[in-house]
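Visitor: Build me a structure from this.
(one chain, ligands or ions: 2)
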Amino acid sequence: MRITVLGKSPSWSDAGGACSGYLVEEAGTALVLECGNGVFGKLREHRRYGEIDAVVISHLHADHFLDLVPFSYALSYGPGAGGARPALHLPPGGRAGLRRVVGTWGPEELVEGAFTVREYDPGETLEIGPLRVRFTPVPHFTVTHAVQVSDRAGARFTFGADTGPSDDLVAFAAGTDLLMLEATVAEPDAEPRGHLTPAEAGEHAARAGARRLVVTHLTDEADPAWALREARGAYDGPVELAAESAVYEL
Ligand SMILES: [Zn+2]
Ligand SMILES: [Zn+2]
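Guide: Ligands and ions are numbered 1, 2, ... in the order given. As a prediction, the model looks like this:
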């Protein structure tokens with residue numbers, strides 16, 4: 001499995017950067033995990049949008065879904081319009097949420113006309129070509145799910161989405177090959193928690209026994225050396241900060 005970072009900014013974009021988006025590829029299958037603002041243009045630097053098999057969204061915050069809008073316009077009006085519609089897997093309630101957003105200026109069916117839209121049941125396992133996708137709810141400010149993608153060889157990529165501290169996430173990520181965790185805040189945020197610090201990302205990776213940690217959703221206005229130090233203070237394994245176009249092979 002090959003994972004490419006398309007965007008890693010938090011809810012305000014890095015200079016020249018995109019919000020959350022990760023391209024997961026395996027044996028000809030292409031999955032886009034998260035499609036925040038700026039991601040569609042970054043995706044186009046790596047793959048033809050008409051080749052994407054499926055999109056999975058963890059939660060309906062702008063920095064995780066907003067570029068479904070240009071993606072839908074491309075599929076509807078671009079040169080390849082009318083081709084096979086990629087699957088779009090939304091969290092429960094996502095269909096109505098997207099209808100409200102795009103309905104503010106045009107037809108509510110924009111996204112449903114471009115993608116085959118469905119809402120996942122967090123208890124189910126999706127099969128997308130050779131990839132299996134599982135979910136677990138995590139504490140955030142709206143319905144949100146961590147996502148785990150595994151391939152037929154057994155490699156596992158676990159993405160924490162946006163989350164506060166979570167024992168369920170630690171259990172879900174147990175023994176994962178690559179754990180990608182957000183570190184949005186420098187200090188623990190107010191209760192009820194909805195984000196992690198870099199140190200907490202490290203603690204979660206250590207408790208999960210993850211083989212490798214990638215810290216993401218960290219603003220470019222934070223000191224990267226500090227963030228790495230904090231994460232490494234809690235976790236002995238390899239740690240990196242997510243960067244656009246970084247590639248991880250599992
Ligand atoms: Zn976010
Ligand atoms: Zn969020």
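
Visitor: Pull the number of nearby residues for the residue nearest to D121 when sequence neighbours are not counted.
Guide: The spatially closest residue to D121, leaving aside those adjacent along the chain, is P92, at 7.5 Å (Cβ to Cβ, 6 or more residues apart in numbering). C-beta coordinates here come from the backbone N, C-alpha and C atoms, glycine included. Other residues lying near P92 total 14 when counted by other Cβ atoms under 10 Å.

Visitor: Where does P92 sit: helix, strand or coil?
Guide: coil (DSSP: H, G, I helix; E, B strand; the rest coil).

Visitor: show me what contacts it?
Guide: 119-122, 143 (Cβ atoms under 8 Å, 6 or more residues apart in numbering).

Visitor: Can you say which of those are buried?
Guide: For those, a neighbour count by 16 or more other Cβ atoms under 10 Å gives the buried set as 120, 143.

Visitor: Redo the contacts of P92 as TSV? Include secondary structure, distance to E249 and pLDDT.
Guide: Converted to TSV, the contacts of P92 look like this (DSSP: H, G, I helix; E, B strand; the rest coil; distance: Cβ to Cβ, whole Å; pLDDT from 0 to 100):
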residue	secondary structure	distance to E249	pLDDT
E119	strand	31	98
Y120	coil	27	98
D121	coil	31	97
P122	coil	28	95
V143	coil	32	97
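
Visitor: and the two most separated of the contacts of P92?
Guide: D121 and V143 (12.2 Å; Cβ to Cβ).

Visitor: Output stretch 206-225 as CSV, nothing but the C-alphas.
Guide: The C-alpha trace of stretch 206-225 is given here as CSV (Å, rounded to 0.1, in the frame of the first residue of the first chain):
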residue,chain,number,x,y,z
ALA,A,206,3.3,4.2,22.3
ARG,A,207,0.2,2.7,23.9
ALA,A,208,-1.0,1.3,20.6
GLY,A,209,2.4,-0.3,19.9
ALA,A,210,2.4,1.4,16.5
ARG,A,211,5.4,0.7,14.3
ARG,A,212,5.7,4.2,13.0
LEU,A,213,4.0,7.6,13.8
VAL,A,214,3.3,10.4,11.4
VAL,A,215,2.0,13.6,13.1
THR,A,216,-0.4,15.6,10.9
HIS,A,217,-2.9,18.5,11.1
LEU,A,218,-0.2,20.6,12.6
THR,A,219,0.0,24.2,11.4
ASP,A,220,3.1,25.5,9.6
GLU,A,221,3.0,28.2,12.3
ALA,A,222,4.1,25.7,14.9
ASP,A,223,7.8,24.9,15.5
PRO,A,224,8.4,21.6,13.8
ALA,A,225,11.5,20.8,16.0
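
Visitor: residues of stretch 172-179 that come out buried?
Guide: 172-173, 176-179.

Visitor: Please disregard the earlier target; I meant stretch 136-155.
Guide: 136-140, 143-151, 155.

Visitor: and these near ligand 1, which?
Guide: Among these, not one lies near ligand 1 by Cβ under 5 Å from the ion.

Visitor: Closest to ligand 2 out of those residues?
Guide: Nearest to ligand 2 among the buried residues of stretch 136-155 is H140, at 5.5 Å by Cβ to the ion.

Visitor: SS state for the closest one?
Guide: Strictly by three-state DSSP, H140 counts as coil.

Visitor: Verify the stated contact: it with G164.
Guide: Yes - using Cβ atoms under 8 Å, H140 is in contact with G164, at 6.8 Å.
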